[in-house]
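A.B. asks: Have a look; sequence and predicted model below, questions after that.
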Amino acid sequence: MFASIPRSLLCCTNAIVPNRAVALALAKCPMFESSSIFCREYHEVTGSIICPNVVRGIDHMRDPRLNKGLAFTLEERQALGIHGLLAATFKTQEEQLYICRISVDRYEENLNKYLYLVELQDRNEKLFFRLLAENVEKYLPIVYTPTVGLACQRFGLIYRRPRGLFITINDKGHIFEILKNWPEPDVRAIVFTDGERILGLGDLGAYGMGIPVGKLSLYTALAGIKPHQCLPITLDVGTDNQSLLEDPLYIGLRQKRTRGKEYDEFMDEFMEACVMRYGQNTLLQFEDFALPNAGRLLSKYRNKYCTFNDDIQGTASVAVAGLMAAVRVTKRKLSENIYLFLGAGSAAGGIAELTVSAMIHEGLSERQARDRVFMFDINGLLSTRREGGVPEHAKAFGKDVEPEKDFEQCIAKIKPSCLIGCSTVGGAFTPKVLQQMAKNTERPIIFALSNPTSKAECTAQAAYDNTEGRCVFASGSPFPPVKFNGKEFLTGQGNNAYIFPGIALGVIATATHHIPETMFLTAAKTLADYVSEEDLALGRIYPSLAEVRDVSLAIAVNVAKMAYDEGLASLYPEPKDLAQHVKNQMYNFHYESAMPVVWDWKPAEKVNVRPL
Ligand SMILES: O=C([O-])CC(=O)C(=O)O
Ligand SMILES: [Mg+2]
């Protein structure tokens with residue numbers, strides 16, 4: 001029993017031991033009858049998993065999970081052996097936040113602000129997450145869309161220290177070993193990309209790592225999922241982006257993408273290795289895969305793993321939430337709209353399918369619902385009569401109508417009341433397109449969902465200017481307030497950031513093993529219910545980003561309820577107070593005491609000492 005206790009401890013009269021179990025064991029030993037045993041056990045240190053006795057002195061400052069900078073108290077500085085390593089001043093976390101805000105604001109370029117925040121995350125995790133969580137509107141556009149897009153494009157230049165895992169096609173056969181190199185044992189969620197469709201920027205190969213990192217920052221900042229439970233991964237299977245292959249700064253494999261059987265085997269091995277390493281309920285979020293793989297892999301894995309594709313399902317959920325909220329403005333039911341999508345990729349397909357489900361919910365048959373949804377891709381309207389027909393992945397939305405290659409003409413002919421941009425073609429909603437939408441209906445719905453800002457189909461201002469201010473507008477990337485007729489409007493950001501953190505929290509808190517499509521409809525309804533009359537009056541069909549943390553929690557609780565109702569949860573027994581249970585899982589953004597909990601042990605009085 002004592003074999004694992006260092007000899008130095010066994011021969012002292014005052015023993016300091018790492019935890020209560022050891023303290024109890026020692027106390028039963030007659031050798032220690034007259035000694036005091038001190039147990040150095042921390043309450044819930046950051047991450048809940050750092051073994052305090054292996055962290056010494058300066059490591060408390062070097063480890064971003066433990067570091068508090070000048071917020072270490074005098075007692076802590078002395079007890080931890082870091083006294084003198086810090087300046088004499090003591091600061092509260094609030095004072096530090098103030099300094100951080102000033103520091104970020106000093107930078108003029110968003111990429112520099114991004115770098116400051118990355119560095120903060122590497123230095124002091126709690127400070128970073130609290131700063132982000134309490135200033136979502138201000139810093140989300142920096143750590144996330146649109147600046148994260150720029151960060152990915154410049155990733156070779158800004159790459160400093162590792163965050164997350166890079167698994168390459170050359171590692172095939174050894175993926176599990178690589179996962180074992182990740183130091184955290186309690187990972188609950190993995191966000192991963194193969195970098196082939198980074199936002200609307202296309203194939204960025206290994207530079208895509210910024211995306212899983214950014215998404216997982218939101219897991220913590222918006223839904224309170226603990227950072228150590230999150231693992232970002234880039235699957236580097238090469239890149240077909242010639243300029244990256246020639247870029248001296250490129251950090252990934254300099255070879256063309258592996259496709260076909262070898263890619264599929266690699267993906268199979270990856271999915272299996274993740275659950276072997278972290279358990280069957282590990283949440284596996286696909287992010288920014290290109291269309292041919294995105295839909296195919298979702299169908300392949302959705303019933304086998306706890307997985308979803310954020311670009312298909314998360315985006316669909318946020319868009320449908322927007323449509324639900326827009327009903328209150330347009331006074332048209334979802335099933336009374338005619339929808340036209342520009343783009344027929346993964347986002348368009350996902351939104352279209354979920355919209356169909358929502359229309360069926362309103363009483364339409366599936367046929368009737370599908371008849372109301374049109375798509376227009378690079379070859380024109382998805383008409384079964386067009387040359388080359390309708391691509392396989394979008395067959396369900398092909399129509400037996402005259403082919404049409406001119407987008408403006410198409411809008412005049414089909415007369416959609418709702419125009420949804422998922423094309424990654426910046427500016428595709430020209431003034432003429434928008435003006436035609438204004439002719440089609442009193443309150444046209446215009447969603448310019450492509451990211452980042454440069455890829456948005458139109459700006460918020462253009463949408464208002466060209467529809468006499470009658471449109472209901474949302475975009476994937478944020479836009480500044482719109483000025484129209486002397487009034488100011490705030491348009492909403494239809495970004496999946498409203499959805500995926502809440503879904504992830506609900507799924508993790510209940511150890512849900514599969515994520516059905518209906519969960520995204522539940523999330524959409526929850527989000528739509530959060531939209532107030534004031535939001536609508538201001539021009540937005542989403543709550544303000546300042547409320548996104550409340551939204552995420554509400555989504556998580558509803559998802560958790562659904563998980564139990566539908567037998568998807570594997571955490572039993574079901575917690576009596578589900579909302580409280582979900583809250584109990586959440587990260588504490590505030591500093592916790594770093595003082596060891598030292599307690600005296602008086603063996604003679606407290607335990608019956610058994611002879612050895
Ligand atoms: O990252 C975002 O802002 C939304 C998203 O998933 C994408 O555009 O691929
Ligand atoms: Mg994405």
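C.D. replies: Nice, thanks for sending it over. Ligands and ions are numbered 1, 2, ... in the order given.
A.B. asks: So which bits of this protein are right by ligand 2?
C.D. replies: For the chain, the residues in contact with ligand 2 (C-beta under 5 Å from the ion) are 287-288, 311. Bear in mind the C-beta positions are built from the backbone N, C-alpha and C, glycine included.
A.B. asks: now Arg254, nearest residue through space, not along the chain?
C.D. replies: Excluding its sequence neighbours, the residue lying closest to Arg254 (C-beta to C-beta, 6 or more residues apart in numbering) is Leu245, at 5.5 Å.
A.B. asks: and what of Cys230?
C.D. replies: With C-beta to C-beta, 6+ apart as the criterion, Cys230 has its nearest non-adjacent residue at 4.2 Å, and that residue is Leu216.
A.B. asks: pretty sure the one you found contacts Arg188?
C.D. replies: No. Look at Leu216 against Arg188 with C-beta atoms under 8 Å: they stay out of range, at 11.1 Å.
A.B. asks: in the protein, which strand has the most residues?
C.D. replies: Ordering each strand of the chain by length in residues (DSSP state E) puts strand 230-236 first.
A.B. asks: Neighbouring strands - and their directions - for it?
C.D. replies: Partners of strand 230-236 in the sheet, by DSSP bridges, are strand 165-168 (parallel), strand 189-193 (parallel).
A.B. asks: Say whether ligand 1 is contacted by it.
C.D. replies: No. Counting by C-beta under 6 Å from any ligand atom, ligand 1 is not contacted by strand 230-236; separation bottoms out at 13.3 Å.
A.B. asks: Tell me the helix or strand right after that strand.
C.D. replies: helix 242-245 (DSSP states H and E).
A.B. asks: so who does Leu97 touch?
C.D. replies: With contact taken as C-beta atoms under 8 Å, 6 or more residues apart in numbering, Leu97 is in contact with 127, 130-131, 134.
A.B. asks: now do 7 Å
C.D. replies: With contacts taken as C-beta atoms under 7 Å, 6 or more residues apart in numbering, Leu97 has the following neighbours: 127, 130-131.
A.B. asks: One more: Ser544?
C.D. replies: Neighbouring residues of Ser544 by C-beta under 7 Å, 6+ apart: Glu137.
A.B. asks: Can you classify the residue of the stretch 451-600 of the chain found nearest ligand 1 by secondary structure?
C.D. replies: The nearest approach of the stretch 451-600 of the chain to ligand 1 comes at Asn451, 3.7 Å away (C-beta to the nearest ligand atom). Of the three states, Asn451 takes coil under DSSP: H, G, I helix; E, B strand; the rest coil.
A.B. asks: in terms of contact, does it touch Thr145 like I think?
C.D. replies: Yes. Here Asn451 lies in contact with Thr145, judged by C-beta atoms under 7 Å, at a distance of 5.1 Å.
A.B. asks: list the residues that contact both of those two?
C.D. replies: With contacts defined as C-beta under 7 Å, 6+ apart, the residues shared by Asn451 and Thr145 are 199, 476-477.
A.B. asks: tell me which element the residue nearest in space to the middle of the chain is part of?
C.D. replies: What sits nearest the mean C-alpha location of the chain, by C-alpha atoms, centre = their mean, is Lys215, with 3.3 Å. Assignment of secondary structure by DSSP H and E places Lys215 within helix 210-223.
A.B. asks: what's the first-to-last distance across stretch 392-407?
C.D. replies: According to C-alpha to C-alpha, to the nearest Å, stretch 392-407 extends 21 Å from its N-terminal end residue to its C-terminal end residue.
A.B. asks: And for stretch 412-420?
C.D. replies: 15 Å.
A.B. asks: thinking again about what came up before, please report how far the residue nearest to Arg254 lies from Gly205.
C.D. replies: Remark: distance between Leu245 and Gly205 (C-beta to C-beta, to the nearest Å) = 8 Å.
A.B. asks: Does Gln585 touch Thr510 like I think?
C.D. replies: No. Counting by C-beta under 7 Å, Gln585 stays clear of Thr510, with 9.6 Å between them.
A.B. asks: higher neighbour count, those two?
C.D. replies: Between Gln585 and Thr510, counted using other C-beta atoms under 10 Å, the more crowded position is Thr510 (27 against 19).
A.B. asks: Name the nearest residue to that one, sequence neighbours excluded.
C.D. replies: With C-beta to C-beta, 6+ apart as the measure, Ala569 is the residue that lies nearest to Thr510, at 3.9 Å, once sequence neighbours are left out.
A.B. asks: Next one, pLDDT for the residue in the stretch 51-200 of the chain that ligand 1 sits nearest to please.
C.D. replies: Taking C-beta to the nearest ligand atom as the measure, the point where the stretch 51-200 of the chain comes nearest ligand 1 is Thr145, at 3.2 Å. Model confidence at Thr145, given as pLDDT, is 97.
A.B. asks: With the one 4 residues further on instead?
C.D. replies: The per-residue pLDDT reported for Gly149 equals 98.
A.B. asks: so where does it fall, helix or strand?
C.D. replies: Applying DSSP H and E, one finds Gly149 within helix 147-153.
A.B. asks: How about Lys126?
C.D. replies: Element membership for Lys126 (DSSP H and E) is helix 125-134.
A.B. asks: Now that helix: average pLDDT?
C.D. replies: Confidence over helix 125-134 (mean pLDDT, whole number) is 98.
A.B. asks: Then stretch 58-74?
C.D. replies: On average, the pLDDT along stretch 58-74 is 95.
A.B. asks: Check which residues of it are buried.
C.D. replies: Buried positions in stretch 58-74, judged by neighbour count with 16 or more other C-beta atoms under 10 Å: 60-61, 63-69, 71-72.
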